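Chemist: Starting from these lines, generate the structure:
(6 chains)
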There are 6 protein chains.
Amino acid sequence: MNAKPVSRFPVPELKDLPADIRERIEAVQQKTGFVPNVFLALAHRPAEWRAFVAYHDALMEKEPGAGCTLTKAEREMIVVATSGANRCQYCVVAHGAILRIRAKDPLIADQVATNHRKADLTARQRAMLDFAMQVALESHSVDEPALEALRAHGLTVDDAWDIAAIAAFFAMSNRLANAASMRPNDEFYLMGRLPKAK
Amino acid sequence: MNAKPVSRFPVPELKDLPADIRERIEAVQQKTGFVPNVFLALAHRPAEWRAFVAYHDALMEKEPGAGCTLTKAEREMIVVATSGANRCQYCVVAHGAILRIRAKDPLIADQVATNHRKADLTARQRAMLDFAMQVALESHSVDEPALEALRAHGLTVDDAWDIAAIAAFFAMSNRLANAASMRPNDEFYLMGRLPKAK
Amino acid sequence: MNAKPVSRFPVPELKDLPADIRERIEAVQQKTGFVPNVFLALAHRPAEWRAFVAYHDALMEKEPGAGCTLTKAEREMIVVATSGANRCQYCVVAHGAILRIRAKDPLIADQVATNHRKADLTARQRAMLDFAMQVALESHSVDEPALEALRAHGLTVDDAWDIAAIAAFFAMSNRLANAASMRPNDEFYLMGRLPKAK
Amino acid sequence: MNAKPVSRFPVPELKDLPADIRERIEAVQQKTGFVPNVFLALAHRPAEWRAFVAYHDALMEKEPGAGCTLTKAEREMIVVATSGANRCQYCVVAHGAILRIRAKDPLIADQVATNHRKADLTARQRAMLDFAMQVALESHSVDEPALEALRAHGLTVDDAWDIAAIAAFFAMSNRLANAASMRPNDEFYLMGRLPKAK
Amino acid sequence: MNAKPVSRFPVPELKDLPADIRERIEAVQQKTGFVPNVFLALAHRPAEWRAFVAYHDALMEKEPGAGCTLTKAEREMIVVATSGANRCQYCVVAHGAILRIRAKDPLIADQVATNHRKADLTARQRAMLDFAMQVALESHSVDEPALEALRAHGLTVDDAWDIAAIAAFFAMSNRLANAASMRPNDEFYLMGRLPKAK
Amino acid sequence: MNAKPVSRFPVPELKDLPADIRERIEAVQQKTGFVPNVFLALAHRPAEWRAFVAYHDALMEKEPGAGCTLTKAEREMIVVATSGANRCQYCVVAHGAILRIRAKDPLIADQVATNHRKADLTARQRAMLDFAMQVALESHSVDEPALEALRAHGLTVDDAWDIAAIAAFFAMSNRLANAASMRPNDEFYLMGRLPKAK
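Modeler: Reported below is the predicted structural model:
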């Protein structure tokens, strides 16, 4: 059991939350086995909670199709790489777990979080993360050559938007989590590191 | 009339948008006299559009009260200061206009966008923007002393969250607008610069 | 009327200044309608004042001709772009006004001050500002490729010098104005924003 | 003899220069034994040459007195420290020589150019250079505490101006010299390194 | 089995190495169960290999005692924190494993690698890592206040040296590993993450 | 005589050192005429001293041959360039002296320490220092193009390792010297500046 505070801001009790938020959290808990702390840390602001979760799901729960070629695992790579650069403990640890699971690769998250240039990536994924890092770290310099580099690897206009939007959304999340000293659940650290059938 | 592109990504026609989005845009148009380009630039992604606008309104349209002391003008100061640091043309120009109007001050936006340290601010507003800039530019370093500095100027825990959340939300907006080369409407440049008596 | 201090350093009375300085200031006042604060903020040091103004005029009041192709408006673009990067309130506001007037464009100054990559520029002007920014921000890295990029856009050797010299001169001005907390006159904020014939 | 180019921009012959400039250069040559290359590298622009030299002399040739307490050697320390930070070969080498001579100290220039924190300085000189470096490298952050730190070491308002103005002037010089690849005369490297009695 | 290259530089066969190096590597292999890749990646340069390993052991294998208060786990914290800042995949992964084992804490390595400010540390460890990060990232600014901050937490003169020396040694290691694209063994990723009871 | 402290850490007496260290130091003294302070500043840690000196000699005392083409002078250039970037007084001054002697060039050290781009180098040496600076300042970005740039100038795989290893070793040395405020001997400042036969 972890007694360390989840956030430096107020964290409401699950039972005190609006029904829609409580139900959604309970669904996650049922599926994952625990409540990821971000759901609790944002809950003192229900309207913000709802927008955050809706935005997150629109970007992260999307399957490839119709001009969008990024897999869910690739979307998580963007999160982990940019969260590493922003030095966000919550997002590196929590999304590192999700990346390991979605990529079915126990090594990829630690590699991408530290230095995506040295990670086991395809050339297309490398181009994807180069662009994501530019958006995360110096978006004012994004210009035509950056978009051409994506096209050269077969990434579409919709992919370019997705990469930029995910990097941008986690620029927000990382700052919220850093400002709140949001603490990742202990469970995340080990998720996806062990072979499934043991 | 402005023929320069609004975004480097696809921009749908107003008539082709889902009804809820179109109605909201038309309401803004009626009130402001024109459609701010951000509403069009995000519209090719309706789910993201809805989450973005809901999140924006939750943070920016809130009146002071119940532990939250920031005025709407002060919220816009945070936007303009951090967007200046992120070198986001759309947000500096568009929210600069809104700041001038909400603060009833034709000078404040250009001051804050360039260097908040030299702007005509109260000590409390200076502390607010110092914290906002830390969240925008190096959120990994936020620690107790940063929050104590806010308390020393009478800013509440809810204010600290609001400042961080606004700086974080526009960390996202600035990156989206920079990646999309989003163009501010010409109308914004002059808004709030002339005495009201018209 | 604006009672805020013009500088954190001593500001002499116009009547106490050496005759040549006073006369020059009065000429500016007659032409512009007010005395730009920089003339007052530097006046406690007459020898420096004279050198500053002579240097400024040699660089900024030059018409195109004889190998120098930069227009006066383009010279002001260099000032505004580099002053934005140096976060100098005085120079962004005052030279922003001059740029709007010289370029007869109410939008260009705010664009260039925030991010010259997103401004309404010709390719030649973009190359001019790319070089100016390199001189302003990392002059130690200037090397042959930087000068070749200028030549590729038809900029001459004399233009290269002019761009570098203006970026260098305002590296100085920006630092003086920032150190002195020099305040731009309120009049500058609106200049060049309205159509001429009203 | 040194056949390497003095500048990447045109360098006129001494005989072709306007009389006042030629005479001044000849006077320096007579006193120093050679013509410092900066006088030649700027000479293709006589009006800029005159303003540059006048400004330089107003800041650097001033003796202590009437509220100004900086010695000429201390003024050169500011030049060498900030030019080191700006990585300007010409100014580090040429003003390093002048600093050694004016301070009668063969070690001080190399120390200050590399890291003023480790140089053999008084506490007052350390405060002087801390402020100079702030003006050189992040003038937008200069605020009251920086000026209080100077006062705490007995530095006057005029000293604060002098430090800022010298750091600012060499922000300009360094950028000009870097952009022009200005080459210091070979003679400077050894000046002031040997005991006088030869 | 891992077929990815261990280094972009030549990697000799174990059997071709000088006897002393081969024996040392075999001893490590016996103890750990595998040969950490760094031993192979450096082996094409036997003299450098010997100096590297001797230096490493002098700093990292030291038990507390006689004025040195850092534990072996704390020494690894310094490695992981600074290697994270230097974005060195090999050192973050390999020393992260050692840190987890030495600290008997499955969470600490990922925390420290991402942002030591948010890690589960004592105040003394936080001061230790603040100093290590200053040495790693801006050693030129180290001055008396930095050393006083260590003393305030009971860290000794020998501890200060140890922290600086470890941060410095891994400044070297990180650069070697980054330049060589040194690949951590797959085994490291999971080490120390599971409860001992096996 | 120089009474300034050699280091902020303990400096043992020569007579109290282990015999092997004392003998090596006395040999250097005999050859050079004085004991370089680094030998004394590291001596309170004999095991570290031995590893440091062995590592240093393996990298710096190597003659060209068998795939290694760097001269001893070129190795010192790497030291001086990267130590300048790291603002390390000890290494810039001491290795500047060695570079002047080994290159038989009284100017090269000051040039390289300030800005290697403006130094009197061959194209091959420029490529060598470009790579060294990348390893020193942002080793995480080293990738294939960096190594191709070396090959394009005839630098071998062994040269690439040597450049990286020297830049890495002095990343360590510079941090140690900066943290210890290590003071270069006065003798270094003038060495190699005067013609040999006087």
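Chemist: ok, the longest helix along chain A near chain B or not?
Modeler: The residue-count maximum for a helix in chain A (DSSP state H) belongs to helix A:157-180. Yes. Counting by Cβ under 8 Å from any Cβ of the partner chain, chain B is contacted by helix A:157-180 at A:157, A:160-161, A:164-165, A:167-169, A:171-176, A:178-180. Where you see a C-beta, it was placed from the backbone N, CA and C, and this is true even at glycine.
Chemist: Give me the contact list for stretch A:64-73.
Modeler: Residues from elsewhere that reach stretch A:64-73, judged by Cβ atoms under 8 Å, 6 or more residues apart in numbering or on different chains: A:60-63, A:99, A:102-103, A:128, A:154-159, A:162-163.
Chemist: Point out the least confident member of the residues you listed, please.
Modeler: The member of the contacts of stretch A:64-73 with the lowest pLDDT is A:Glu63, at 89.
Chemist: Could you check how far that one is from F:His116?
Modeler: As judged by Cβ to Cβ, to the nearest Å, A:Glu63 and F:His116 stand 51 Å apart.
Chemist: hang on, the earlier thing: filter the contacts of stretch A:64-73 to the buried ones?
Modeler: For those, a neighbour count by 16 or more other Cβ atoms under 10 Å in any protein chain shown gives the buried set as A:Met60, A:Leu99, A:Arg102, A:Ala103, A:Met128, A:Leu155, A:Val157, A:Asp158, A:Asp159, A:Asp162, A:Ile163.
Chemist: separation between the most centrally placed residue in chain A and A:Asp162?
Modeler: Centroid-nearest residue in chain A, with Cα atoms, centre = their mean: A:Val79, separated by 4.0 Å. Per Cβ to Cβ, A:Val79 is found 12 Å from A:Asp162.
Chemist: Then A:Leu59?
Modeler: Using Cβ to Cβ, A:Leu59 is found at 7 Å from A:Asp162.
Chemist: Need the residues touching each of those two.
Modeler: A:Arg75.
Chemist: residues contacting A:Pro36?
Modeler: Going by Cβ under 8 Å, 6+ apart, A:Pro36 touches A:Val28, A:Ala94, A:Asn185, A:Phe188.
Chemist: how about the strands of chain A, start to end?
Modeler: Counting by DSSP state E, chain A has no strands at all.
Chemist: Give me the below-cutoff pLDDT ranges for it.
Modeler: For chain A, the stretches with pLDDT under 70 are A:1-2, A:196-198.
Chemist: correct me, but A:Ala127 touches A:His153?
Modeler: Yes. Here A:Ala127 reaches A:His153: they are 4.2 Å apart, a contact under Cβ atoms under 8 Å.
Chemist: how much space between the residue in chain A that chain D sits nearest to and chain E?
Modeler: Nearest residue of chain A to chain D (Cβ to the nearest Cβ) works out as A:His140 at 16.8 Å. Distance of A:His140 to chain E, computed by Cβ to the nearest Cβ, to the nearest Å: 22 Å.
Chemist: give me phi/psi at the residue nearest to that residue when sequence neighbours are not counted?
Modeler: Among residues not flanking A:His140 along the chain, B:Arg87 sits closest, at 3.7 Å (Cβ to Cβ, 6 or more residues apart in numbering or on different chains). Phi and psi for B:Arg87, reported as degrees, to the nearest 10, are phi 60, psi 50.
Chemist: Can you get me a residue count around B:Arg87?
Modeler: Per other Cβ atoms under 10 Å in any protein chain shown, the neighbour tally for B:Arg87 reads 23.
Chemist: give me every residue that touches it.
Modeler: By Cβ under 8 Å, 6+ apart, B:Arg87 lies in contact with A:His140, B:Asn174, B:Asn178, C:Thr114, C:Asn115.
Chemist: 10 Å instead, please
Modeler: Contacts for B:Arg87 (Cβ atoms under 10 Å, 6 or more residues apart in numbering or on different chains) come out as A:138-141, B:113, B:174, B:178, C:84-85, C:113-118.
Chemist: just the buried members of the residues you listed?
Modeler: Counted by 16+ other Cβ under 10 Å, the contacts of B:Arg87 give A:139-140, B:113, B:174, B:178, C:84-85, C:113-118 as buried.
Chemist: my guess is A:Leu137 meets A:Asn174, correct?
Modeler: No. Using Cβ atoms under 10 Å, A:Leu137 is not in contact with A:Asn174, being 11.5 Å away.
Chemist: Return every residue with contacts to both of these two.
Modeler: Contacts common to A:Leu137 and A:Asn174, judged by Cβ under 10 Å, 6+ apart, are A:Thr82, A:Ala85, A:Asn86.
Chemist: among the residues you listed, which are in reach of chain B?
Modeler: A:Thr82, A:Ala85, A:Asn86 (Cβ under 10 Å from any Cβ of the partner chain).
Chemist: Not counting sequence-adjacent ones, nearest residue to the last one?
Modeler: Once flanking residues are discounted, A:Asn86 sits nearest to A:Asn174: 4.0 Å by Cβ to Cβ, 6+ apart.
Chemist: cool, and the first one?
Modeler: Using Cβ to Cβ, 6+ apart and skipping residues adjacent in sequence, the residue nearest A:Thr82 is A:Ala136, 4.0 Å away.
Chemist: Give me the neighbour count for that neighbour.
Modeler: If you count neighbours by other Cβ under 10 Å, A:Ala136 ends up with 25.
Chemist: I'd say it and A:Ala165 touch.
Modeler: No. A:Ala136 is not in contact with A:Ala165 according to Cβ under 10 Å; the separation is 11.9 Å.
Chemist: Name the residues contacting each of these two.
Modeler: Joint contacts of A:Ala136 and A:Ala165 (Cβ under 10 Å, 6+ apart) are A:Ile78, B:Arg175.
Chemist: To what extent is A:Ile98 buried, counted in neighbours?
Modeler: With other Cβ under 10 Å as criterion, A:Ile98 counts 22.
Chemist: what's the answer for the one 10 residues further on, then?
Modeler: When neighbours are defined as other Cβ under 10 Å, A:Ile108 has 23 of them.
Chemist: residue contacts, it?
Modeler: Here A:Ile108 is in contact with A:73, A:76-77, A:80, A:96, A:99-100, A:102, A:119-121, A:125, A:192 (criterion: Cβ under 10 Å, 6+ apart).
Chemist: Now, of those, which are buried?
Modeler: Buried among the contacts of A:Ile108 (16+ other Cβ under 10 Å): A:Ala73, A:Glu76, A:Met77, A:Val80, A:Gly96, A:Leu99, A:Arg100, A:Arg102, A:Ala119, A:Leu121, A:Gln125, A:Gly192.
Chemist: Could you list which of the residues you listed belong to helices?
Modeler: Counted as lying in helices by DSSP H, out of the buried ones among the contacts of A:Ile108, are A:Ala73, A:Glu76, A:Met77, A:Val80, A:Gly96, A:Leu99, A:Arg100, A:Arg102, A:Gln125.
Chemist: before we move on, the earlier item: Throw the contacts of A:Ile108 into a markdown table and include distance to D:Pro46, thanks.
Modeler: As requested, those are exported to a markdown table (distance: Cβ to Cβ, whole Å):
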| residue | distance to D:Pro46 |
| --- | --- |
| A:Ala73 | 66 |
| A:Glu76 | 63 |
| A:Met77 | 60 |
| A:Val80 | 60 |
| A:Gly96 | 64 |
| A:Leu99 | 64 |
| A:Arg100 | 69 |
| A:Arg102 | 68 |
| A:Ala119 | 58 |
| A:Asp120 | 63 |
| A:Leu121 | 58 |
| A:Gln125 | 58 |
| A:Gly192 | 71 |
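Chemist: Do you have the helices of chain A handy? List them.
Modeler: Under DSSP H, chain A gives helices at A:19-32, A:37-41, A:46-60, A:72-85, A:89-103, A:108-114, A:123-138, A:144-151, A:157-180.
Chemist: Quick check: which of the ones you listed is buried the most?
Modeler: Ranked by mean neighbour count, the helices of chain A are led by helix A:108-114 with a mean of 28 (mean count of other Cβ atoms under 10 Å in any protein chain shown).
Chemist: list the residues that contact both of A:Ala127 and A:His153?
Modeler: Residues touching both A:Ala127 and A:His153 (Cβ under 10 Å, 6+ apart) are A:Asp159.
Chemist: still on that earlier bit, ok now the longest helix of chain A, how far from the chain's centre?
Modeler: In this view, helix A:157-180 has its centroid 8 Å away from the chain centroid, taken as Cα atoms, centre = their mean, to the nearest Å.
Chemist: Since that was my last question, I'll sign off now.
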